[in-house]
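In: Fold the following and give me the result.
(one chain, ligands or ions: 1)
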Amino acid sequence: MIAVPFHQNAAAVRGFAVFSRVVAVLICTVALVVLAGWCLDVPLLTTLVPGQHAMKANAAIAFALSGLALFLTQDFVPPRWRLGPWLSIVVAGIGAVTLGEHLWSLDPGFDHLFDDPVARAAGWPPGRMAAPAAFALTLLGVLGLLVSTRRYLVLRETIAMVLLAIVVSGLASYAVALASKIGGPFAQVPLPTLLMLLLAVLGWLSSSPTTGLTRVATADTFGGALARRLLLPSLLLPVIFVFVLELLQSLLGLPETLAFAFVALGSGGAVAGLVWWVASLLDKLERQRMESALLRNDADTDVLTGLANRRAFDGALASLLHGQRERDNTFALLMLDLDRFKSYNDDYGHLAGDQVLRITGQLLRASLRPSDRAARYGGEEFVLLLPEADAAGAREAAERLLRAFRDFAWPQRAVTVSIGVAQAACDDTAADLIQRADKALYAAKDAGRNQAVLAVP
Ligand SMILES: Nc1nc2c(ncn2[C@@H]2O[C@H](COP(=O)(O)OP(=O)(O)OP(=O)(O)O)[C@@H](O)[C@H]2O)c(=O)[nH]1
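Out: Just a heads-up that it's a prediction; the model follows:
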């Protein structure tokens, strides 16, 4: 089977690369704003969303470094500035140390960079990001390291998927919180942290748009177009449904069973709508494919006899010659010419002549093996390609054809055929082989017609 290489959509590849750069700049900017909020003691800058938890300074530093690492990984950055791997190691380190603090209840002061009155008042270690955020930043650092060093593709994609799962779970719990219930493991992770994580994962994945999962999303195929349109909505759709579910219950006071019924209806409808959309696109594509196959078939078929035409024969002969050169597969060419066809036309008219040509097509088709190919070469000349036939086999096929013509009950008078048989030699070009078969055909004509002559190799 021939493997068709991946074709990327140039605009999509460019779009992903630009997206990755924009994300890098955005993440750095937001992280610096949060850090400025901590430095200048402006709580609104640290929370970004009024009334929500602040993004801790350590998390902001880690994001700033990850954004910078993502920026320095871009193609246009000179190699000596490619500090992405080192910065990503620091990001992973910040996350890992914080995670260690959570796991072993340690407080070595790692996160006491800025005073954190809210945390202190609540009895939490000041400045310490929540455990899920620390875990996610550790993974983000490892993801950055693997992407920027272009290693361990499967591991890196797995980490990206785990990160996306964390982000979606976090966003879903925010959706619940927004609809007035609060709780769950993500309650302490600020919303901007989740959104920054989402952007960072997508940014890192987009920074190498022709490898791994993004290779499919940038492919210049129907699958690629589908992935570009559907992947992000399908990732976020469940979050929207959770939000709607909670909203229906808490704000509108709908009973739980009714709210679930509405959400089931909505989610079922959305999924069915997506499936219908994909199915209708696939259907359109399949019909286009069939239409172009029909057109191709028309372009390769002789209208009068239904056999392959000269164009198709040229292609088939070229591929057999190629197979012979590559794999030493021998084959034979038979060139047939109806005998005294001009007088047949003259005596019975062109329409009767056409009928003879049609019958000739049927006789050739009937005498062929499935792998053989018959074509109308032009006028009353026909050609047969017999793959894997040696001289003796080709000669035998020619005799069979002569018999078929002799035995057929022709409408007006008997029609016979002369045949030139040539076996392909290893250094033959198409012209060489046709010329030899043609010469043999004329030898058959000269020898009295209604016979086959084998060309001299
Ligand atoms: N009816 C019909 N005749 C065709 C078609 N294409 C070519 N011919 C005729 O086929 C005849 C070929 O004649 P010639 O090449 O002189 O050869 P021949 O009369 O068959 O004599 P030999 O080949 O020497 O046996 C010509 O009269 C062409 O007009 C076609 O599509 N339909």
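
In: Tell me how far Val278 lies from the ligand.
Out: 48 Å (C-beta to the nearest ligand atom, to the nearest Å). C-beta coordinates here come from the backbone N, C-alpha and C atoms, glycine included.

In: now Thr210
Out: On the measure of C-beta to the nearest ligand atom, Thr210 and the ligand end up 53 Å apart.

In: Please list all residues in contact with the nearest residue to Leu194 once chain neighbours are set aside.
Out: Excluding its sequence neighbours, the residue lying closest to Leu194 (C-beta to C-beta, 6 or more residues apart in numbering) is Gly170, at 4.3 Å. Residues near Gly170 by C-beta atoms under 8 Å, 6 or more residues apart in numbering: 132, 186, 189, 194, 197.

In: And for the residue in the stretch 351-457 of the chain that the ligand sits nearest to, the neighbour number?
Out: Taking C-beta to the nearest ligand atom, the ligand has its nearest neighbour within the stretch 351-457 of the chain at Gly353, 2.6 Å off. Residues lying near Gly353 (other C-beta atoms under 10 Å) number 20.

In: dump the residue contacts of it.
Out: 341, 344-345 are the contacts of Gly353 under C-beta under 8 Å, 6+ apart.

In: Name only those of the contacts of Gly170 that count as buried.
Out: Buried members of those, counted by 16 or more other C-beta atoms under 10 Å: 132, 186, 189, 194, 197.

In: Tell me where the longest helix sits in the chain.
Out: Assignment by DSSP state H gives helix 256-299 as the longest helix of the chain.

In: List the buried residues for the helix or strand encompassing Phe19?
Out: Using DSSP states H and E, Phe19 falls within helix 10-40. Of the residues in helix 10-40, 12-13, 16-17, 19-21, 23-24, 27-28, 30-35, 37-38 count as buried by neighbour count, 16+ other C-beta under 10 Å.

In: Please report how far Ala24 lies from Trp86.
Out: According to C-beta to C-beta, to the nearest Å, Ala24 and Trp86 sit 16 Å apart.

In: same check, this time on Thr221
Out: 37 Å.

In: likewise Pro233?
Out: Counting by C-beta to C-beta - Pro233 and Trp86 are separated by 36 Å.

In: next one: Ser169
Out: With C-beta to C-beta as the criterion, Ser169 and Trp86 are 30 Å apart.

In: higher neighbour count, the two?
Out: Between Ser169 and Trp86, counted using other C-beta under 10 Å, the more crowded position is Ser169 (19 against 13).

In: which parts of the helix or strand harbouring the more buried one are buried?
Out: Using DSSP H and E, Ser169 maps to helix 153-178. If you call a residue buried by 16+ other C-beta under 10 Å, then helix 153-178 has these buried ones: 156-157, 159-160, 163-164, 166-177.

In: For the residue lying closest to Gly84 once chain neighbours are set aside, give me its contacts.
Out: What sits nearest to Gly84 in space, not counting adjacent residues and going by C-beta to C-beta, 6+ apart, is Ser148, at 3.3 Å. Counting by C-beta under 8 Å, 6+ apart, Ser148 makes contact with 69, 72-73, 82, 84-85, 88.

In: okay, and for the stretch 51-200 of the chain, where does confidence drop off?
Out: Within the stretch 51-200 of the chain, the stretches with pLDDT under 70 are 178-185.

In: where exactly do the helices run in it?
Out: 57-72, 84-104, 117-122, 131-148, 153-178, 191-206 (DSSP state H, counting those that start in this stretch).

In: Okay, now the unreliable bits of the stretch 201-350 of the chain?
Out: In the stretch 201-350 of the chain, no residues with pLDDT under 70.

In: near the ligand, which residues of the stretch 201-350 of the chain?
Out: 304, 337-343, 345, 350 (C-beta under 6 Å from any ligand atom).

In: Filter those residues down to just the buried residues.
Out: Buried among these (16+ other C-beta under 10 Å): 337-339, 341, 345.

In: Which members of those occur in strands, if any?
Out: Residues of these located in strands (DSSP state E): 337-338.

In: re the thing from before, can you give me the offset of the longest helix of the chain from its chain's centre?
Out: 18 Å (C-alpha atoms, centre = their mean, to the nearest Å).

In: Go ahead and measure how far the next helix or strand after that helix is from the middle of the chain.
Out: Next in sequence after helix 256-299, counting helices and strands by DSSP H and E, comes helix 310-327. Chain-centre distance of helix 310-327: 30 Å, with C-alpha atoms, centre = their mean.

In: According to the record, where do the domains of this protein fall?
Out: With domains defined by automatic domain parsing, the chain comprises 10-220, 232-296, 310-454.

In: closest one to Leu226 among those domains?
Out: For Leu226, the closest of those is domain 232-296, at 6.6 Å, according to C-beta to C-beta.

In: Pull up the per-residue confidence for the closest residue to Asp220 other than its chain neighbours.
Out: With sequence-adjacent residues excluded and distances taken as C-beta to C-beta, 6+ apart, Asp220 is closest to Asn9, at 3.9 Å. Asn9 is assigned 86 on the pLDDT scale.

In: count of neighbours near Asn9?
Out: For Asn9, using other C-beta under 10 Å, the count is 18.

In: So which residues of the stretch 301-450 of the chain form strands?
Out: 331-338, 373-378, 381-387, 417-423 (DSSP state E, counting those that start in this stretch).

In: got those strands as TSV, with distance to Asp446 columns?
Out: TSV is the format used below for these (distance: least, C-beta to C-beta, whole Å):
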stretch	distance to Asp446
strand 331-338	12
strand 373-378	20
strand 381-387	16
strand 417-423	9
